[in-house]
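> Quick one, fold the following:
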Amino acid sequence: MTNGFGVDLSALQSLEDSVRAAVSQLSDMNPWGFEAAGKQGAGLATECSDAANDCGDPNLEAALCEFGGRWELGLRTLVQDGLTAADLIAEVRAEYQTLDDNTALEVLRIVGGL
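Prediction:
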């Protein structure tokens with residue numbers, strides 16, 4: 001309709017869904033099954049520690065435990081930032097949808113459709 005600025009609302013929805021799916025994968029790493037803990041990115045250290053018990057090599061076990069401990073905070077940050085990003089994408093999409101709807105109504109009013 002226009003060669004100017006446009007926003008693909010379905011692309012924003014797809015982006016939001018993809019971010020939420022990625023965050024869900026990260027938050028599913030929490031071993032306790034509590035959604036709140038998963039949304040906080042908790043559980044990587046425990047998950048790594050549990051897996052380390054099956055390694056059979058004390059050096060690998062120690063490295064895996066150290067990795068889990070160091071990266072749990074990073075995972076928590078990824079989960080929290082991902083949820084924030086998805087919420088902001090949803091907010092932007094809703095604002096554009098409202099603007100689009102209001103503009104369409106105004107055009108109809110101006111041309112005498114309402």
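
> Now the host helix or strand of Ala11: buried residues?
For Ala11, the host element (DSSP states H and E) is helix 9-27. The neighbour-count check on helix 9-27 (16 or more other CB atoms under 10 Å) flags Leu12, Leu15, Glu16, Val19, Arg20, Val23, Leu26, Ser27 as buried. Backbone N, C-alpha and C define where each C-beta goes, glycine included.

> which one among those residues gets closest to Ile110?
Leu12 (27.4 Å; CB to CB).

> Is it correct that the closest one is in contact with Tyr96?
Yes. With contact defined as CB atoms under 8 Å, Leu12 reaches Tyr96; the gap is 7.3 Å.

> returning to that earlier point: other SSEs contacting the helix holding Ala11?
helix 35-39, helix 58-110 (3 or more CB pairs under 8 Å, 6 or more residues apart in numbering; DSSP states H and E).

> Flag whichever of those helices has the least confidence on average.
Note on those: helix 35-39 shows the lowest mean pLDDT, a mean of 58.

> Could you identify the helix or strand that succeeds it?
In N-to-C order, the element after helix 35-39 by DSSP H and E is helix 44-52.

> and that next one, average pLDDT?
73.

> any idea of the angle that helix forms with helix 58-110?
Between the axes of helix 44-52 and helix 58-110, defined by axes from the mean of the first three to the mean of the last three CA atoms, to 10 degrees, the angle is 140 degrees.

> For the closest residue in space to Ala62 that isn't next to it in sequence, grab the count of nearby residues.
Nearest in space to Ala62, with sequence neighbours left out and distances taken as CB to CB, 6 or more residues apart in numbering, is Ala52 at 7.7 Å. Neighbour count for Ala52, taken as other CB atoms under 10 Å: 20.

> Now do the same contact list for Ala52.
Applying CB atoms under 8 Å, 6 or more residues apart in numbering, we find Ala52 in contact with Leu60, Glu61, Ala62, Leu64, Cys65, Gly68.

> any idea how far the fifth one lies from Leu78?
Relative to Leu78, Cys65 is positioned 20 Å away (CB to CB, to the nearest Å).

> residues near Cys55, how many?
14.

> Tell me the spacing between it and Leu64.
Distance from Cys55 to Leu64, by CB to CB: 6 Å.
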